[in-house]
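Visitor: The sequence and its predicted three-dimensional model are supplied below.
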Amino acid sequence: MDFSLISQTSLFRGYTPSETEELLRGLRASTRRFVRDSAVYTAGKPVSNIGIVLSGTAQIGNNDIWGNTSILGLVKPGEVFAEAYACVPGEPMMVDVIATEDTEILFVNVPEIFRLASSGKGNYTRLIQNLVIISARKNLTLSRRILHTSSKKIRGRLLSYLSYQAELQGSNRIEIPLNRQQLADYLSLDRSALSKELSRMKSDGLIDYHKNIFTLHHTFTKGF
């Protein structure tokens with residue numbers, strides 16, 4: 001394992017690489033590789049391990065009975081997933097976690113973190129503090145998605161999402177982390193309807209774009 005890399009993740013923030021190595025040895029953590037499009041976790045099953053992406057990308061989404069997918073987010077290297085479910089024994093996953101490319105994931109057992117922290121053996125308390133912060137940030141991310149999808153109009157959802165990305169990146173020229181299908185799923189839209197609205201927004205002088213690169217013009221706010 002690359003303990004220097006792991007010590008820079010949100011879960012192990014504040015630990016040195018040597019401290020991280022010692023903690024992971026005590027937790028008996030393990031890594032596993034997943035090929036593209038394979039399931040890491042599936043909805044309906046409880047989990048007890050937090051996942052930390054070491055390389056590659058995982059997609060968190062929900063599928064309805066008609067096969068429609070709603071993307072809730074992407075997990076990139078250094079990021080954590082399944083922490084809320086792992087903290088509640090027996091709670092079944094409501095989402096699927098799928099590797100979108102060849103991906104390596106570190107699994108850490110949450111009940112074991114709690115057990116070792118309560119026993120006073122080792123410096124595990126900070127792990128719990130980091131876990132609380134991660135969970136709070138995830139709640140904010142989900143709240144943000146609800147905000148982006150609150151408009152009944154396709155344009156309103158796009159304006160909300162692109163405005164946020166522009167604010168986040170501090171520029172009117174932005175690169176979004178989603179392709180067209182992922183963006184449509186994230187905003188709960190049909191892909192063809194999304195593409196048509198993007199073309200209309202370009203014709204109206206609100207935006208220019210090429211693949212995932214968008215330029216937002218000064219008239220952008222008039223579209224709200």
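Guide: It's in.
Visitor: Can you list the residue ranges for strands in the protein?
Guide: Listed from the start of the chain, the chain has strands (DSSP state E) covering 30-34, 39-41, 49-55, 58-63, 69-75, 80-81, 96-99, 103-109, 173-175, 207-210, 213-216.
Visitor: What is the helix or strand of the chain with the lowest mean pLDDT packed up against?
Guide: For the chain, counting by mean pLDDT, DSSP states H and E, strand 69-75 ranks last in confidence among helices and strands (a mean of 81). Judged by 3 or more CB pairs under 8 Å, 6 or more residues apart in numbering; DSSP states H and E, the packing partners of strand 69-75 are strand 58-63, helix 125-148, helix 180-186. (Glycine included, C-beta is placed from N, CA and C.)
Visitor: circling back to that earlier point, with respect to burial, which of the strands of the chain scores highest?
Guide: For those, average neighbour numbers computed from mean count of other CB atoms under 10 Å are highest in strand 80-81, which has a mean of 24.
Visitor: what does it rub up against?
Guide: 9, 10, 11, 50, 51, 52, 53, 58, 60, 75, 97, 134 (CB atoms under 8 Å, 6 or more residues apart in numbering).
Visitor: which ones are touching the last one?
Guide: Residue 134 makes contact with 10, 11, 80, 83, according to CB under 8 Å, 6+ apart.
Visitor: List only those of those flagged as buried.
Guide: Neighbour counting over these (16 or more other CB atoms under 10 Å) leaves 11, 80, 83 as the buried ones.
Visitor: okay, those in a markdown table with pLDDT and distance to residue 64 next?
Guide: Written out in a markdown table, the entries for these read as follows (pLDDT from 0 to 100; distance: CB to CB, whole Å):
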| residue | pLDDT | distance to residue 64 |
| --- | --- | --- |
| 11 | 93 | 31 |
| 80 | 93 | 26 |
| 83 | 93 | 25 |
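Visitor: what about this protein, any weak spots by pLDDT?
Guide: Within the chain, the ranges that satisfy pLDDT under 70 run 219-224.
Visitor: Go again with 50.
Guide: Residues of the chain that meet the criterion pLDDT under 50 lie in 222-224.
Visitor: can you tell me which residues contact residue 109?
Guide: For residue 109, the residues meeting the contact criterion (CB under 8 Å, 6+ apart) are 27, 28, 29, 48, 49, 50, 86.
Visitor: can we see that at 6 Å?
Guide: 48, 49 (CB atoms under 6 Å, 6 or more residues apart in numbering).
Visitor: Bridged to it, which residues?
Guide: When assigned by DSSP bridges, residue 109 has beta-bridge partners residue 49.
Visitor: What of residue 58?
Guide: In this entry, residue 58 is beta-bridged to residue 75, residue 99, by DSSP bridges.
Visitor: same question, the one 4 residues further on
Guide: Following DSSP bridges, residue 62 is listed with bridge partners residue 70.
Visitor: ok now stretch 79-95, how far from the chain's centre?
Guide: Relative to the chain's own centre, stretch 79-95 is displaced by 13 Å; criterion: CA atoms, centre = their mean, to the nearest Å.
Visitor: distance between the ends of that stretch?
Guide: 17 Å (CA to CA, to the nearest Å).
Visitor: Please identify the buried residues of it?
Guide: Buried, per 16+ other CB under 10 Å, within stretch 79-95: 79, 80, 81, 82, 83, 84, 85, 86, 87, 93, 95.
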